[in-house]
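Visitor: My questions concern the predicted model and sequence given below.
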Amino acid sequence: MTHPVAIRFSETDLEGLAKAEGRIVVLLGEGGAMGPAARRLDRLMKGALARFAASPAFAAMKPADAVDLAWPAGLAAEAVQVVRLDRKSDALVARKAGGAIGRALSKAATLVLAENHPRAAEISFGLALRSYEFTPHKTGEQKPAGPVTMMVAKPESVAAEAKPMAALAEGVFFTRDLVNEPANVLTTYDFAARLAAMHELGLEVEILEEEELTKLGMGALLGVGQGSESPSKVVVMQWKGGKKGEAPLAIVGKGVVFDTGGISIKPAAGMEEMTMDMGGAGVVAGVMRTLALRKARANVVGLVGLVENMPDGRAQRPGDVVKSMKGDTIEVINTDAEGRLVLADVLWYAQERFRPRGMINLATLTGAIIIALGHENTGVFSNNDAFCDDFLKAAKAEGEGAWRMPMGDAYDAKLKSRIADMMNVGGRDGGAITAAQFLQRFVKPDVPWCHLDIAGTALLKSDTALAPKGATGWGVMALNRLIRDRYEG
């Protein structure tokens, strides 16, 4: 996969600024405040930097905005990028500033004058996230970004602060890689193999094949994949970094590697994006990778149900009745409401085997959540206020949009079936909520639970401050933060 640019930290070299080639990035604070390196740069540029800082153009810049000053006189550099960033800026603004730098990288070297900025590590994190590209299927000549050096007052200290962020970035990249992959590459076989390879990081990884899933009674999950040549699988990843014997947090992901809708087939327009219907499983994988890389002091188990939803002579039909691992029967009204069938069995398995202290599932579950919240926020549903609040705080701290949605008995009643214990859909109105109500039927009352519907946030058609267009990796940072704050001593 294409990995972002490596960042090196070094001490500030005032004398080398005139000879530095490529791009130079300078941070200017409120009122054009400059550090020693920026002042040296300004002298080399014969005051051009100070004149820009005093101009209306700089005054109009918002925190983390960036402007290029091309071919500056007095320098060997091809451009000086001015980024507005006050010393009192918070971590999220500093990351966005780094993202502005990452967006503008070229094949030339880049020198970032972070000096003694207190958010230098966060700047480097944002830069790394935004420099990500997914290019393994492009055959033309690739032009990777040139090397990046951040000049800081205390390079060893900043590097130590950035180390856990590097682990987090790698988890985000792993998720993005998975979500961006086409379905003819990321089959259920390939997905499971990529997860199995993480045993090298210290994760315990098991792959449950169809024979074992049948013995476990996972009829809901198996029904979804029975029309595909790719066999259905459940992958279990355990990270045991906490106290021995302490109940783990369980995170569960929907991993539909491609979703045609099955017999309830989707329209052709836009179906190519259904390669991202394994986004929930991708986030789980990215979180588990992050935990292993940073040696998290917590017990966490990640479980993903990997299936492909295809129309075939053996495919599940509307009107079929399947039996879940829990024992409840489900009338399949719409075969395109398949993700909840996958999650139902994996959620129940997670509880039966691991007795988790809390459980969070992620899924690109409904188009209805996009209608409700657009692409700015993930829909959050929960049976436990305190648990939900902790997640929402973690998401806010990491700048990942999340909004709690309602649940209730009236929504649940819409799932009533004439011939089975429940239907898998409850009508168009409140579709994201009735999907959550369906999942809640497979959550034991004493287990704190959150359902995250990431249909609107997993993959975007436009770039953001910290990601190019395509897969975002939404959720890896929020869940890592939740685990760090709530479960690590």
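Guide: Done, it's in. Numbering: from 1, shown residues only.
Visitor: any idea where the strands of the stretch 1-150 of the chain begin and end?
Guide: Counting by DSSP state E, counting those that start in this stretch, the segments of the stretch 1-150 of the chain that form strands are 7-11, 23-28, 66-70, 79-84, 110-115, 148-152.
Visitor: What helices and strands are in contact with the second one?
Guide: If contacts are counted by 3 or more C-beta pairs under 8 Å, 6 or more residues apart in numbering; DSSP states H and E, strand 23-28 sits against helix 36-44, helix 48-53, strand 79-84, strand 110-115. (Each C-beta comes from the backbone N, C-alpha and C, glycine too.)
Visitor: avg pLDDT for stretch 377-394?
Guide: For stretch 377-394, mean pLDDT is 98.
Visitor: do stretch 231-247 as well
Guide: If you average the pLDDT over stretch 231-247, you get 98.
Visitor: how about that stretch: buried residues?
Guide: Across stretch 231-247, burial judged by 16 or more other C-beta atoms under 10 Å covers 231-242.
Visitor: now, the most widely separated pair of the residues you listed?
Guide: The most widely separated members of the buried residues of stretch 231-247, counting by C-beta to C-beta, are 231 and 242 (33.2 Å).
Visitor: Report whether the expected contact of residue 120 with residue 101 is present.
Guide: No: applying C-beta atoms under 8 Å as the test, residue 120 and residue 101 come out as separate, 11.9 Å apart.
Visitor: least trustworthy helix or strand in the protein by mean pLDDT?
Guide: The helix or strand of the chain with the poorest confidence is strand 66-70; it has a mean of 91 (mean pLDDT, DSSP states H and E).
Visitor: Assign the closest residue to residue 397 other than its chain neighbours to helix, strand or coil.
Guide: The shortest distance from residue 397 to any non-neighbouring residue, by C-beta to C-beta, 6 or more residues apart in numbering, is to residue 481 (5.7 Å). For residue 481, the assignment made with DSSP: H, G, I helix; E, B strand; the rest coil gives helix.
Visitor: when you give positions from now on, start the count at 754
Guide: Yep, numbering from 754; the last one is residue 1234 now.
Visitor: so who does residue 1234 touch?
Guide: 1147-1148, 1150-1151 (C-beta atoms under 8 Å, 6 or more residues apart in numbering).
Visitor: Most neighbours among the residues you listed, which one?
Guide: residue 1148 (24 neighbours; other C-beta atoms under 10 Å).
Visitor: Please determine how far residue 1231 is located from residue 1050.
Guide: Separation of residue 1231 from residue 1050 (C-beta to C-beta, to the nearest Å): 19 Å.
Visitor: same question, residue 1095
Guide: Counting by C-beta to C-beta, the gap from residue 1095 to residue 1050 is 31 Å.
Visitor: Kindly report the same for residue 968.
Guide: Distance of residue 968 to residue 1050, computed by C-beta to C-beta: 35 Å.
Visitor: out of the two, which sits in the busier spot?
Guide: residue 1050 (14 against 9).
Visitor: and the more buried one, helix, strand or coil?
Guide: Three-state assignment for residue 1050 (three-state DSSP): coil.
Visitor: Find the nearest non-adjacent residue to it, please.
Guide: residue 1241 (4.5 Å).
Visitor: Report all helices and strands that the helix or strand containing residue 1041 contacts.
Guide: Residue 1041 belongs to helix 1032-1046 when assigned by DSSP states H and E. Judged by 3+ C-beta pairs under 8 Å, 6+ apart, the packing partners of helix 1032-1046 are helix 908-933, helix 941-949, strand 986-993, strand 1002-1012, strand 1052-1062, strand 1111-1116, helix 1229-1235.
Visitor: Cool, thanks, signing off.
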